[in-house]
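Engineer: show me how the following folds:
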Amino acid sequence: MVVSTASAQLGDVHDKSAALNDDRRIEYATPVQISVLKVSSGGASEYVLGVGVVPSPKLDRVAGLPTEALSSGDPYYANGSYHGEWTGEAVLSAGAAERLGANRSANLSVSGAVSGSGSRGLRVAAVESAAVESGLSGMPVMITHLSELQTITGAQSGDQADQLLVQSNAGGLRSALESRFPGATAVTRSGFTAQNSVDSDLPLAMGLAALLIAVVVGTLFVATTQGLQVEADSEQLAALTAIGFSRRARALLLVVQALALTLAGGALGIVLAYLTTAATNYAATRAIAPVPIADFHPLLVGYGFVVSALIGLLVAPYLLAMEGRTEGVAEVIR
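Structural biologist: Numbers count the residues shown, from 1 in each chain. Next comes the predicted model:
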């Protein structure tokens, strides 16, 4: 999953959340910054989804994790000076703690996943299991104070964050929030990852579209080329008929020929896909990405051969019809 992509940022978020907290309809509001972090503990190193918030007893779970173990407020922010008390507190998800081999009170070295980010030390204040409904229960996640995450990632300039999390049961608040922040979109409490859940359907749709295009284009291409080949081989087919090959035997020959061609093409496609994936990852990690962005799953090998065989089978009826239209034995011999 590619997560730390550039997106529109909200600025001056501490003051904006303070203004929201003054609204009686709102229980609590906090800025939320989301960033990929490189976290090391002992000899282990892992990329973790970092979430920065301004903790409060009123704040519910964020990214499926409770925030009670973090000190209230955002001490390091210090009215915008970013020279206050560095708490260094962090709450790890069970998945992150397992991958890092870290437990409560463990010391962490944390840096941003992009070049130019700072590196700071944090301490694990708690290890919690992320709620399943958050959609992040299987991911390595870490929650810390917003200003400290901003300092690590370089987002303290302009006091930036990705979103403002607002807790309220008041009706009609969504339109009021959108009017207060032009260009921003208010989403419902279905949670922190609602937009990502919707976006995750896009790769599936693209995959199905690619499958459909591959089958249609592959079938038309192979049918055209093989149909011309059948017409060109009419003399050989007639000769086979003359020496006693039945129609069924000739049909089997054409089907095997079509399958051999499509399976050979499938094997070539698999090799090209693997090489393209490796080249993409090499270029991406050298240029912009902290981790490989493409994956070649072993199941793709089976997928490629199945699709290739399907194309061959779809072409077979057309080839048999073409074979039936070829000239008879007498005409070919004459």
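Engineer: nearest residue to A161 in space, ignoring adjacent ones along the chain?
Structural biologist: Leaving aside its chain neighbours, A161 sits nearest to P31 (3.8 Å; criterion: CB to CB, 6 or more residues apart in numbering). Backbone N, C-alpha and C define where each C-beta goes, glycine included.
Engineer: doesn't T285 fall inside a helix?
Structural biologist: Yes - under DSSP: H, G, I helix; E, B strand; the rest coil, T285 sits within a helix.
Engineer: quickly note the distance from it to K38.
Structural biologist: Per CB to CB, to the nearest Å, T285 is found 13 Å from K38.
Engineer: what of W86?
Structural biologist: Distance of W86 to K38, computed by CB to CB: 19 Å.
Engineer: tell me which of these two has more neighbours.
Structural biologist: K38 (20 against 16; other CB atoms under 10 Å).
Engineer: so the more buried one makes contact with L49?
Structural biologist: No - contact criterion CB atoms under 8 Å: K38 and L49 do not qualify, at 11.6 Å.
Engineer: now the element after the longest strand along the chain, going C-ward?
Structural biologist: In the chain, assigned by DSSP state E, the strand with the most residues is strand 28-41. Counting by DSSP states H and E, the next helix or strand C-terminal to strand 28-41 is strand 44-53.
Engineer: buried residues of that next one, list them for me.
Structural biologist: Going by neighbour count (16 or more other CB atoms under 10 Å), the buried part of strand 44-53 is 46-53.
Engineer: how is the protein carved up into domains?
Structural biologist: 13-198, 201-333 (automatic domain parsing).
Engineer: which one of those domains is the most hemmed in?
Structural biologist: Mean neighbours per residue, mean count of other CB atoms under 10 Å, is largest over the domains of the chain for domain 13-198, with a mean of 18.
Engineer: how far away from the center of its chain is that one?
Structural biologist: 21 Å (CA atoms, centre = their mean, to the nearest Å).
Engineer: same question for stretch 252-270.
Structural biologist: The chain centroid and the centroid of stretch 252-270 are separated by 33 Å, computed with CA atoms, centre = their mean.
Engineer: what mean pLDDT does that stretch have?
Structural biologist: The average pLDDT for stretch 252-270 rounds to 91.
Engineer: show residues contacting it.
Structural biologist: With CB atoms under 8 Å, 6 or more residues apart in numbering as the contact definition, stretch 252-270 has outside contacts at 218, 222, 226, 230, 240, 245, 300-301, 304-305, 307-309, 311-313, 315-316, 319-320, 323.
Engineer: from these, which ones fall inside strands?
Structural biologist: Going by DSSP E, the strands hold none of those.
Engineer: quick one: S45 and G304, what's the gap?
Structural biologist: In terms of CB to CB, S45 sits 34 Å off from G304.
Engineer: right, I mislabeled it, should have said S147
Structural biologist: Counting by CB to CB - S147 and G304 are separated by 49 Å.
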